[in-house]
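S.K.: This is the structure alone, sequence omitted:
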C-alpha cells in the first residue's frame, strides 16, 4: 500500500500509555469544566468535612492516600502542600489547619489525569539543543508529540532520541510519572512557564492553561529557527477551546523554559501554520492554510502578526482533492525548500506528499510528488481516527530526511529517506 519503497520505516512504535499520569488541580465548579471559577461553597464544604475529622482519623486517611500512590519518584506531601497554598484564599473563613489537615485538604483538590490514554500522535522533530556526549557522527534529537486523554483533551509531550551516522534510530523510554510546569509570568494569554531543572524531558507535559486552549494544545510544528547565529525553537500549534480554534506560538531555547503567545492577523484564525527555519529577504515567512483548502506563502515583519499571502499550492491529484496542508516547516536543501504536505482524499483518507519550492522565491513550486509518499497501510487503518497518516515536522540529517509520522491518529513511528532518492520523485512541474 506504500508506493514509495525507498522510505525506510524503522521498527519504532510510540504508543499511548494509560499508566503515564500527571497530577492536576481539581476545581469544584458550578459546571464540570476546569476553566470555570471555583464554586467556593462546595470547596468550603469539603474543607469543613476534613476539619470535622479528629487528628487520628485524619492521619489515617492521609496515610491511606500516601500508601495508595506510593512511588519513590513522587513527593506527594510537597504536591499536597503546594495545592493547599493555591487554594488558601478560598479557605479564608476557616481556622488554621494542622499539617495533617493541610496535606489532606491539598489531596482533596487534586486528581490524576492519564494524558496519553487515548492517543500519541502527530510528531515533529528537531535537533536537541544539547549535543554533549553524543557519539561522533550521531545526533541527539527531540520529538514533540500530541497526547490525548479523557475528554479528547490534547497536550504536548516530548521524547529524546539519537540517530547514528549510519541512520540507526533509538528513542529513550519515557518516565511514567509526568509533571506540569510552573507559571512564572502571565499577562492575559501570554504565558511564561518553566519545568524543574532536574525533570526528565519525557516527564514534561504542557497541558492547556488558558480558556482558548481548554480542549487542547494540538499539532505543534517545531522548527529550529536560526537568526544571527542564535538558534531558537519555535512551534506553531492550534489552541482549541471546545468551540473555536486559533493559531498560537511557543518559544524555547532549552525545552525547560517556554513562552506561549497567541498569533494575530487574518491568517492566524485557522490551523496548520508552519514557520520557515530562517528569515527570507529579511522577513519572517510562513506556510499557512487559512482557506481550509490550499497552501499560501505569507511574510511578516512581526513574528506574532500574520496577514494574508500568496496561494502557492492547490489540490491537484485525486489523493488530495478535499484539501491539502503542510506536514511541518520547510526544510532547506541545496536544491530548494523541501515541504512535506498532507492531502485528504476519498473517505477522508490522509496521505503524505512533498513539494520542492524555489530557494530564493518560495512562492514558486519547482517540483511536486504526483503520488503519495506515505499513505495508510491496510493493516494499520484502524485507530482513534482511522485511515490517516500525518506528520508535524521532519528534519534533515546528513544525506537523509528523518520523517516521524502518526498512524491512524493513535501511535507514531519514524521513517528515513535518502535525499537524492526523494528528489527523484519530485517531478518538474509545468511552468
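M.R.: Alright, I've got the coordinates. Quick caveat: nothing in here was measured; it's all calculated off a predicted structure. Numbering: from 1, shown residues only.

S.K.: What ranges does this protein have for its helices?
M.R.: Ranges of helices within the chain are 40-51, 55-68, 76-86, 99-108, 419-425, based on DSSP state H.

S.K.: Between these, which one is closest to residue 15.
M.R.: With C-beta to C-beta, the closest approach to residue 15 among the helices of the chain belongs to helix 55-68: 26.5 Å. Placement of C-beta: from N, CA and C, glycine included.

S.K.: Can you give me the neighbour number for the closest residue to residue 298 other than its chain neighbours?
M.R.: Nearest residue to residue 298, sequence neighbours excluded (C-beta to C-beta, 6 or more residues apart in numbering): residue 309, at 3.1 Å. A count of neighbours around residue 309, defined by other C-beta atoms under 10 Å, yields 19.

S.K.: okay, residue 309: pLDDT?
M.R.: For residue 309, the pLDDT comes out at 96.

S.K.: quick one on the thing from earlier: and residue 350, which of the helices of the chain is closest to it?
M.R.: Within the helices of the chain, the stretch nearest residue 350 is helix 419-425; the backing value is 19.1 Å (C-beta to C-beta).

S.K.: for the stretch 251-400 of the chain, what spans make up the strands?
M.R.: Secondary structure of the stretch 251-400 of the chain (DSSP state E, counting those that start in this stretch): strands located at 257-262, 274-275, 284-288, 295-300, 310-313, 323-326, 331-333, 336-344, 350-357, 365-368, 389-390, 395-397, 400-407.

S.K.: Could you take these and lay them out as JSON lines, with extra columns for mean neighbour count and distance to residue 194?
M.R.: Below are the strands of the stretch 251-400 of the chain laid out as JSON lines (neighbours: other C-beta atoms under 10 Å; distance: least, C-beta to C-beta, whole Å):
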{"stretch": "strand 257-262", "mean neighbour count": "19", "distance to residue 194": "4"}
{"stretch": "strand 274-275", "mean neighbour count": "24", "distance to residue 194": "23"}
{"stretch": "strand 284-288", "mean neighbour count": "24", "distance to residue 194": "26"}
{"stretch": "strand 295-300", "mean neighbour count": "21", "distance to residue 194": "28"}
{"stretch": "strand 310-313", "mean neighbour count": "16", "distance to residue 194": "38"}
{"stretch": "strand 323-326", "mean neighbour count": "23", "distance to residue 194": "30"}
{"stretch": "strand 331-333", "mean neighbour count": "17", "distance to residue 194": "30"}
{"stretch": "strand 336-344", "mean neighbour count": "24", "distance to residue 194": "32"}
{"stretch": "strand 350-357", "mean neighbour count": "24", "distance to residue 194": "35"}
{"stretch": "strand 365-368", "mean neighbour count": "19", "distance to residue 194": "41"}
{"stretch": "strand 389-390", "mean neighbour count": "24", "distance to residue 194": "30"}
{"stretch": "strand 395-397", "mean neighbour count": "20", "distance to residue 194": "26"}
{"stretch": "strand 400-407", "mean neighbour count": "24", "distance to residue 194": "26"}
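
S.K.: closest one to residue 142 among those strands?
M.R.: Going by C-beta to C-beta, the one of the strands of the stretch 251-400 of the chain nearest residue 142 is strand 395-397, 9.9 Å.

S.K.: coming back round to it: can you say which of the helices of the chain is packed in most?
M.R.: Most buried of these by mean neighbour count (mean count of other C-beta atoms under 10 Å) is helix 99-108; its value is a mean of 21.

S.K.: Which strands or helices does that one pack on?
M.R.: The contact analysis (3 or more C-beta pairs under 8 Å, 6 or more residues apart in numbering; DSSP states H and E) places helix 99-108 against helix 40-51, helix 55-68, helix 76-86.

S.K.: Thanks again, I'm all set now.
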